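J.: requesting a structural model of the entry that follows:
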Amino acid sequence: MSNVFHRLPRQKLPVVVSGRGIELLDSEGKRYLDASGGAAVSCLGHSHPRVVHAIQQQLEHIAYAHTSFFTNEPAEQLAATLAQAAPGDLNHVFFVSSGSEAVEASLKLARQYFVERGELGRRHFIARRQSYHGNTLGALAIGGNAGRREPFLPLLVPAHHVSPCYAYREQGDSESDVQYAERLAAELDAKIVGLGPETVAAFVAETVVGATAGALAPVGDYLKRIRAVCDRHGVLLILDEVMSGMGRTGHLFACAEDQITPDIIAIAKGLGAGYQPIGAMIASKRIYETICSGSGFFQHGHTYVAHVAACAGALAVQRVIQEENLLSNVLARGEQLRWALREKFSSHPNVGDIRGRGLFVGVEFVQDRDSKAPFDPQRKVYAQLKASGMQQGLLTYPSGGTIDGVHGDHVLLAPPFICTAQDIERIVERFGQAVHAVLPDTLSRR
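T.: Sure thing, here's the model as predicted:
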C-alpha cells in the first residue's frame, strides 16, 4: 500500500522511471507517447540535456536563498528575458512556484494597486463560467469550474461570472463572429455597470481556455472588445496564460495573436517545462510604479519565490525555445495535428468539435453530432478515453463537465514543442485507436 496521498487514492498508478524526448517509460517496461505533456507542462519533452545541465550546474553553486535577503542571477536574467518578450509595458516579473500561485499573486496585486490609489471600493472580480484559474482558494473562487468549486463554496470569497467565449455551443447559427464577440463584450459591460464600476477591480480570463473546456480560443476581436470595456470602466484586465502561454499556441504569449496587452498576466507550465516547479506574474510598468511610489511593498510572498534552481532551469527552457526556433515548429505541427484529427474523425458520429491553437488542441465528444447532445455524465466517457489511451501507450488530458461543469466530455492534446511530423502521425493513429475502443462507430449510433 502506498503512503503517498494520491489525488485518486483508490487507483493504482503505474510507476514512471524515466523519460526521453516525447516518451515516458514505466517500471514494467511499457512506453507511452506523452501527447499532453502531463497537464500541458512538458513542452520540451523529457530529459532535455541543456535544461538538465543548467539545473545541475546551478546546484553546484547555490540552490536556494530567501528573497528577503538576496536576489539571484538566474531570476534577474529570466525576468529580463520575459520582460523583453512580453507585449506592451508588461515588464516586472514576480516569480512563484505554480500557476495557482501566479493567479493568487495577480489578484492580490490588483487589489493592492487600487488600495494604493485610494480606490478602496474596488473589491469585485469578474471571470467567466467554464474557466479554471487554479486550486488555491482565491484562484478557485474566481474560477468558473462548477465541479471543482462546489465542495468548497462556503470557503470561497464571492466572485462574479459571465459567459465563456464558446462558439461551438453558444454562438448563434446566424450570428457572425463580430456579432458574437460584441454580444459577449456587452454582457461584461452590463455586469460591471450592474455591480458599479467603482467597485470592480479586474476581469480575469484565460486567453485560450484550457482543461475545463478544452482549448477554447477567442473568436474574432473578442479580446480587443473586452480590453475596451475594461478600459472604459478603469477595470484591470488579468489574463491567465498558465496553460496557454509560453509558446503553447505558437506565440510566447498567447495574447500576442489577439494583439492586446493585459495589465497583469499569469504564466507557469511552459515557463519551466516541468523541470522545476515555477510560475510567474508579470505586471505592467504602471502598476509596478504605483506600488513603488506608494507603500513600496507588495504585501505578498512565498518561501520559494524566485527559487534559484527553478529560475535557472526556466531560463534554459526559454533559451532552447528561442534558439531552436520551436515556436515555428509549434505552429506547423499544430496545423498538422488539427488537420489530421479532422481527417481521422470526419465522419465519426461522436466527435463534435476539434479546436485550438498551435499544439493546444481540444476534441469535444458528443452523443449525437447533429444535436450536439452530450453523453450521460454517469458514463464518464472522458475517463474511459484516458484509460483507453494509456492501454494504447498514449497519454492525453481528458476532462468531464465541459459544457456546464456536469455535462460534456473532451480530450486535450498538448504535445511537446519538439514533436516531429512523424510524432504527430503516431499520436493521431494511437488516439484514433483509443477512441474507437471506447466509441466504435457501430455502437455509437445506438
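J.: tally of neighbours for Glu146?
T.: Actually, residue 146 is Ala. It isn't Glu. 16 (other C-beta atoms under 10 Å). Glycine gets a C-beta too; all of them are placed from N, C-alpha and C.
J.: who are the contact partners of it?
T.: 129, 401, 404-406 (C-beta atoms under 8 Å, 6 or more residues apart in numbering).
J.: buried subset of these?
T.: 129, 401, 405 (16 or more other C-beta atoms under 10 Å).
J.: filter those residues down to the ones in strands?
T.: Cross-referencing the buried ones among the contacts of Ala146 against strands under DSSP state E gives no overlap.
J.: could I get those in JSON lines, plus columns for distance to Ile22 and pLDDT?
T.: Compiled in JSON lines, the buried ones among the contacts of Ala146 are given as follows (distance: C-beta to C-beta, whole Å; pLDDT from 0 to 100):
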{"residue": "Arg129", "distance to Ile22": "34", "pLDDT": "96"}
{"residue": "Gly401", "distance to Ile22": "28", "pLDDT": "95"}
{"residue": "Gly405", "distance to Ile22": "32", "pLDDT": "92"}
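J.: tabulate those residues (TSV), appending distance to Asp423.
T.: Below are the buried ones among the contacts of Ala146 laid out as TSV (distance: C-beta to C-beta, whole Å):
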residue	distance to Asp423
Arg129	35
Gly401	30
Gly405	34
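J.: just give me the closest of those residues to Lys108.
T.: Looking at the buried ones among the contacts of Ala146 and their distance to Lys108, the nearest is Arg129, at 23.4 Å (C-beta to C-beta).
J.: domains in the protein, by residue range?
T.: Annotated domains of the chain cover 16-47+325-444, 52-323 [automatic domain parsing].
J.: can you give me the neighbour number for Thr81?
T.: 17.
J.: residues touching the residue lying closest to it once chain neighbours are set aside, list them.
T.: Using C-beta to C-beta, 6 or more residues apart in numbering and skipping residues adjacent in sequence, the residue nearest Thr81 is Gln318, 5.6 Å away. Shown in contact with Gln318 (C-beta under 8 Å, 6+ apart): 78, 81-82, 246, 271.
J.: now do the helices in the stretch 1-150 of the chain.
T.: With helices called from DSSP state H, counting those that start in this stretch, the stretch 1-150 of the chain shows them at 37-40, 49-59, 73-85, 99-116, 137-142, 146-149.
J.: out of those, which comes closest to Val157?
T.: The minimum distance between Val157 and those falls on helix 137-142, with 4.8 Å, by C-beta to C-beta.
J.: and Pro349, backbone torsions?
T.: phi -70, psi -10 (degrees, to the nearest 10).
J.: okay, it: pLDDT?
T.: Note on Pro349: pLDDT of 95.
J.: ok so, going back, and the contacts of Ala146 as CSV, adding distance to Ala310?
T.: Below are those laid out as CSV (distance: C-beta to C-beta, whole Å):
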residue, distance to Ala310
Arg129, 33
Gly401, 32
Asp404, 37
Gly405, 33
Val406, 37
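J.: thank you, goodbye.
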